[in-house]
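A.B. asks: With the input below, show me the fold.
(one chain, ligands or ions: 4)
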Amino acid sequence: YAKKHHQHLQIYHQQIDVNTVDRLQLVNDLKPAIEQDELVLFYQPKLNLKLNKVTHVEALVRWQHPIRGMIPPDSFIPIAEKMGQMNALTNWVINQALDQYLLWQQQGVELSIAINISAENLKDDQFCQHILQMIKDKKVPIEALTLEITEDAVVADPEHAIKQLTELKQHGLKLSIDDYGTGYSSLAQLKQLPVDELKIDKSFVQNLMSSEDDKIIVSSTLQLAHNLGLKVVAEGIEDEGSLKWLTQRGCEMGQGFYLSKPVDAEKLTQWLAQSKY
Ligand code: C2E
Ligand code: CA
Ligand code: CA
Ligand code: CA
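C.D. replies: Numbering: from 1, shown residues only. Ligands and ions are numbered 1, 2, ... in the order given. Predicted coordinates:
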């Protein structure tokens, strides 16, 4: 059922994706958009289920297009990946997130930020060095960042990915496997990855309360991850029941619309101030 559900999601994404002519136009617009700061980062809280406190946020990019309005990442990230724009985009995201981290510090808000990294980034040999340099230049503590990497990014070229990730990890960056369960990484590969946490894909979490299959998949994943010494983040929590169920089963972190949708930095600060977390 879970797999079917996921395929359904992919079809849905293709439908809302822009058509080919539009896509060509978007490609032309993306480079100046990055330079002219048309991109904006939204932040979604990651709740620490043991402490019942928001300790992390995930940065999710949007494009405020002057004509089309707000464009979701699924509509332009794949284009950026194909057209060699992904390093520029990720650099922009990291810079922006580091600045936001420092701003929150000044306001007395202690939040680590998770950044999404694409397979394209890992292909670039300079990528590691560049990230580490940016963090150093801005004088941000290395624990302030987590990198979320999809299973697919690792499966594409496991040896190279493991090498890059190991280097980042050695410098103290926290690493997370995103969309866990939707890719095809083997247990052998998973064991070799120097990661700290698994993010169970939202397709297994969204319908947790009504699906026995999803409950089985999520419990087994929690067990597997814990036995391998990994922490688990559940994304796509949409109701209180799922939040409680996951907390009772030792899931370390939770994220989803039930807590908050991704919002801009200012709204996130307001949300934090008034929420019980
Ligand atoms: P992701 O990394 O798996 O991020 C989670 C997505 O699920 C986000 O969509 C988020 O808004 C959505 N989500 C969170 N909670 C819930 C929930 O309870 N229910 C449902 N139905 N959805 C939920 P968003 O922001 O549209 O991002 C989509 C994808 O775009 C991300 O998936 C990520 O793969 C990619 N992306 C976003 N920002 C970046 C970025 O800066 N760099 C890279 N490389 N990829 C990015
Ligand atoms: Ca993510
Ligand atoms: Ca995910
Ligand atoms: Ca995803």
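
A.B. asks: I figured Gln192 hits Glu159, correct?
C.D. replies: No. Using C-beta atoms under 8 Å as the test, Gln192 is too far from Glu159 to be in contact (9.4 Å). Using the backbone N, CA and C atoms, a C-beta is placed for each residue, glycine as well.

A.B. asks: State the number of residues packed around the residue lying closest to Glu252 once chain neighbours are set aside.
C.D. replies: Spatial nearest neighbour of Glu252, chain neighbours left out: Lys231 (4.3 Å); criterion: C-beta to C-beta, 6 or more residues apart in numbering. Residues lying near Lys231 (other C-beta atoms under 10 Å) number 19.

A.B. asks: again with Thr55
C.D. replies: Neighbours of Thr55 (other C-beta under 10 Å): 15.

A.B. asks: cool, and the one 10 residues further on?
C.D. replies: Look at His65: counted by other C-beta under 10 Å, it has 17 neighbours.

A.B. asks: partner residues bridging the residue lying closest to it once chain neighbours are set aside?
C.D. replies: Closest residue to His65 apart from its sequence neighbours, by C-beta to C-beta, 6+ apart: Ile71 at 5.3 Å. Taking DSSP bridges as the rule, Ile71 bridges to Trp63.

A.B. asks: pLDDT wise, what is Ile71 at?
C.D. replies: On pLDDT, Ile71 comes in at 91.

A.B. asks: For it, give me its contacts.
C.D. replies: 26, 62-65 (C-beta atoms under 8 Å, 6 or more residues apart in numbering).

A.B. asks: of Gln192 and Glu159, who's got more company?
C.D. replies: Using other C-beta under 10 Å as the criterion, Gln192 and Glu159 rank with Gln192 on top: 17 against 9.

A.B. asks: give the contact list for that one.
C.D. replies: Counting by C-beta under 8 Å, 6+ apart, Gln192 has contacts 158, 162.

A.B. asks: can you pull the buried residues of the longest helix seen in the chain?
C.D. replies: When the chain is parsed with DSSP state H, its longest helix is helix 86-106. Neighbour-count burial for helix 86-106 flags 86-87, 89-94, 96-98, 100-101, 104 (criterion: 16 or more other C-beta atoms under 10 Å).

A.B. asks: What of stretch 237-254?
C.D. replies: Buried residues in stretch 237-254, counted by 16+ other C-beta under 10 Å: 237-239, 242-243, 245-247, 249, 251-254.

A.B. asks: Does ligand 2 have contacts with it?
C.D. replies: No. Using C-beta under 5 Å from the ion, stretch 237-254 stays clear of ligand 2, coming no nearer than 12.3 Å.

A.B. asks: Touching that stretch from outside, list them.
C.D. replies: By C-beta under 8 Å, 6+ apart, the list of residues contacting stretch 237-254 reads 46-50, 56, 197, 205-206, 208-209, 215, 218-219, 222, 226, 231-234, 255-259.

A.B. asks: Now for the contacts of Ile71, which sits with the most neighbours around it?
C.D. replies: Trp63 leads the contacts of Ile71 on contacts (other C-beta under 10 Å) with 23 neighbours.

A.B. asks: residues in the chain within reach of ligand 1, list them.
C.D. replies: Within the chain, the positions near ligand 1 by C-beta under 6 Å from any ligand atom are 44, 60-61, 72-74, 77, 93, 116-118, 148, 178-179, 202, 206, 235-238, 255-257, 262.

A.B. asks: Quick check: the gap between Asp152 and Lys138.
C.D. replies: 29 Å (C-beta to C-beta, to the nearest Å).

A.B. asks: excluding its backbone neighbours, what's nearest the closest residue to ligand 2 within the stretch 1-150 of the chain?
C.D. replies: Going by C-beta to the ion, ligand 2 is nearest to Glu148 of the stretch 1-150 of the chain, at 4.1 Å. Spatially, and ignoring its direct neighbours in sequence, Glu148 is nearest to Asp178 (4.2 Å; C-beta to C-beta, 6+ apart).

A.B. asks: Assess the claim that Gly256 and Asp201 are in contact.
C.D. replies: No. Applying C-beta under 8 Å as the test, Gly256 and Asp201 come out as separate, 12.0 Å apart.
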